[in-house]
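*Asks:* coords please:
(one chain, ligands or ions: 1)
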Amino acid sequence: MGMKDYFHMVSGDGELSYSQNSSVQKQAWLLNQHILETAIQSLISSEESGKTEGLHVVDLGCGVGPVPLALVSLVVDVMQRKCKELNRDKIPKLVMYMNDLPSNDFNLLFKDLMKLEALKGRDNYGVPSCFVMGAPGSYYDRLFPNNTLHFVHANYTLHWLSQVPPGIHDEQGIPLNKGNIYLSETCPKEVAKAYFTQFEQDLTHFIKLRSEEMVHNGCMLMTLRGRPCPTDSLTWTSFELKLITEALTCLVSEGLIKEEKVDSFNMPCYHASTEQLESIVKKEGSFEVEDSKTSIFDVVPEIEDTWEKAQVITKFIRAFSESILSSHFGKNIMSPLYDKLLDQVFKFLDHGHPAQNHAVTVLLRKKHAY
Ligand SMILES: C[S@@+](CC[C@H](N)C(=O)[O-])C[C@H]1O[C@@H](n2cnc3c(N)ncnc32)[C@H](O)[C@@H]1O
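*Replies:* Predicted coordinates:
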């Protein structure tokens with residue numbers, strides 16, 4: 001079973017939903033807003049865009065909640081401002097595609113999008129200035145015809161792999177990564193290698209597909225949950241995954257989960273450095289790297305109280321991890337698991353450890369017409 005068969009953020013707009021618990025992803029997005037604005041402005045200013053009827057933009061792995069909404073509003077706003085500055089009498093139409101796996105809560109997404117002021121603008125003939133549409137499917141498959149897209153946006157999504165890396169079992173099928181759910185200081189070299197190989201294959205494939213779908217000189221902005229750069233460790237692990245592992249280990253010692261169940265579970269994600277991203281992009285060859293950076297930020301910095309902060313962080317982790325963990329460990333164990341995670345997050349913060357994210361960003365420009 002591949003990721004696309006079971007992975008989704010927690011749906012709806014309730015207390016535990018992704019839409020109410022994605023402030024970390026929004027923090028990362030805001031850090032790169034200026035890069036996004038500059039890229040859209042450069043596309044509007046370019047010769048070709050004066051001739052085109054519309055700017056075609058896709059938000060890949062759009063999810064729901066504040067980020068896709070902020071993206072659409074910002075792109076409309078930047079287009080209007082830039083066309084005014086260039087004295088263009090005609091503002092190109094924005095054709096905005098929202099992509100995610102079919103299990104994403106598209107109903108909520110489109111309900112929220114329809115409330116945006118940015119989507120209410122119409123020209124003298126009553127034609128909308130922005131056409132927004134869904135593009136369900138995996139971005140590890142083709143999604144658009146050749147030469148369609150001017151701008152590709154992907155925020156906090158490409159660290160999710162297409163599948164758990166093969167090659168993390170020995171010849172008898174025994175798991176090599178026992179006691180871990182991802183990379184760790186104690187995991188064998190083969191496991192670290194298998195994870196990086198899967199990431200490299202997935203990203204290379206993704207870039208190749210997008211290069212076919214994008215126009216010459218089109219831009220792609222990708223921000224991933226990543227790791228510090230430079231780092232010499234192949235086994236770098238985020239605080240979120242360390243704490244999930246600890247919570248699972250506690251449930252094993254309490255007899256609520258079997259040890260073998262944890263041994264056979266591996267998170268289908270990889271946290272790369274900007275250096276690794278750039279090297280994969282260069283090797284594939286279709287894009288020029290125009291900008292790249294690593295931003296380190298404290299998650300939920302606005303909350304000082306440790307218990308309250310731990311609750312917010314636990315809900316943030318639950319919103320992206322629940323579908324994966326429940327498909328392996330079962331729905332019934334989710335409440336005890338996230339209660340235990342809350343204890344672990346509290347202890348972690350109480351011991352003075354920083355709850356930080358590394359957002360790794362690259363802005364790419366398509367080199368040649370396909
Ligand atoms: C952490 S959310 C980020 C959502 C949004 N971009 C944001 O910044 O809030 C990751 C999203 O990527 C989607 N996703 C993961 N793998 C995908 C794939 N192969 N194709 C399309 N979407 C995918 C998930 O369903 C999820 O909605």
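
*Asks:* Next SSE downstream of the lowest-mean-pLDDT helix or strand in the chain?
*Replies:* Counting by mean pLDDT, DSSP states H and E, the chain has its least confident helix or strand at helix 47-51, which shows a mean of 62. Scanning forward in sequence from helix 47-51 by DSSP states H and E, the next helix or strand is strand 54-59.

*Asks:* just the CA coordinates of that next one, formatted as CSV?
*Replies:* Backbone C-alpha positions of strand 54-59 (Å, rounded to 0.1, in the frame of the first residue of the first chain) are rendered in CSV as follows:
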residue,chain,number,x,y,z
GLY,A,54,-3.7,33.8,-17.8
LEU,A,55,-1.1,33.0,-15.2
HIS,A,56,-1.4,29.3,-14.2
VAL,A,57,-0.4,28.6,-10.7
VAL,A,58,-0.6,25.3,-8.7
ASP,A,59,-0.4,24.7,-5.0
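
*Asks:* where does the residue nearest to R142 when sequence neighbours are not counted land in three-state SS?
*Replies:* Computed as CB to CB, 6 or more residues apart in numbering, the closest residue to R142 that is not its neighbour in sequence is L209, at 5.6 Å. C-beta coordinates here come from the backbone N, C-alpha and C atoms, glycine included. Of the three states, L209 takes helix under DSSP: H, G, I helix; E, B strand; the rest coil.

*Asks:* ok, now S103?
*Replies:* S103 - assigned by three-state DSSP - is coil.

*Asks:* rewinding a little: the residue nearest to R142 contacts G137, correct?
*Replies:* No - using CB atoms under 8 Å, L209 makes no contact with G137, being 11.0 Å away.

*Asks:* Need the residues touching each of these two.
*Replies:* Shared contacts of L209 and G137 (CB atoms under 8 Å, 6 or more residues apart in numbering): L143.

*Asks:* quick one, strands of the stretch 101-250 of the chain?
*Replies:* 130-134, 149-155, 214-225 (DSSP state E, counting those that start in this stretch).

*Asks:* Show the average pLDDT along the last one.
*Replies:* This means strand 214-225. The predicted model gives strand 214-225 an average pLDDT of 97.

*Asks:* Okay, angle between it and strand 149-155 too, please.
*Replies:* 10 degrees (axes from the mean of the first three to the mean of the last three CA atoms, to 10 degrees).

*Asks:* Strand 214-225: which residues count as buried?
*Replies:* Buried residues in strand 214-225, counted by 16 or more other CB atoms under 10 Å: 214-215, 217-225.

*Asks:* tell me the contacts of the closest residue to M9 other than its chain neighbours?
*Replies:* Closest residue to M9 apart from its sequence neighbours, by CB to CB, 6+ apart: Y18 at 3.4 Å. Residues near Y18 by CB under 8 Å, 6+ apart: 9-11, 63-65, 105, 319-320.

*Asks:* ok, back up a step: what's the separation between the residue nearest to R142 and the ligand?
*Replies:* 11 Å (CB to the nearest ligand atom, to the nearest Å).

*Asks:* Run a quick neighbour tally on that residue.
*Replies:* 16 (other CB atoms under 10 Å).

*Asks:* and it, what does it touch?
*Replies:* Here L209 is in contact with 139-143 (criterion: CB under 8 Å, 6+ apart).

*Asks:* tell me the phi and psi of the residue minimising distance to the centre of the chain?
*Replies:* What sits nearest the mean C-alpha location of the chain, by CA atoms, centre = their mean, is T157, with 1.7 Å. Dihedral pair for T157: phi -130, psi -30, per degrees, to the nearest 10.

*Asks:* ok, and the closest non-adjacent residue to it?
*Replies:* Leaving aside its chain neighbours, T157 sits nearest to G61 (2.9 Å; criterion: CB to CB, 6+ apart).

*Asks:* For that neighbour, give me its contacts.
*Replies:* Per CB under 8 Å, 6+ apart, neighbours of G61: 99-100, 139, 154-158, 160.

*Asks:* hmm, back to that, can you add distance to D263 and give the strands of the stretch 101-250 of the chain back as CSV?
*Replies:* Listed next are the strands of the stretch 101-250 of the chain as CSV, based on distance: least, CB to CB, whole Å:
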stretch, distance to D263
strand 130-134, 39
strand 149-155, 32
strand 214-225, 25
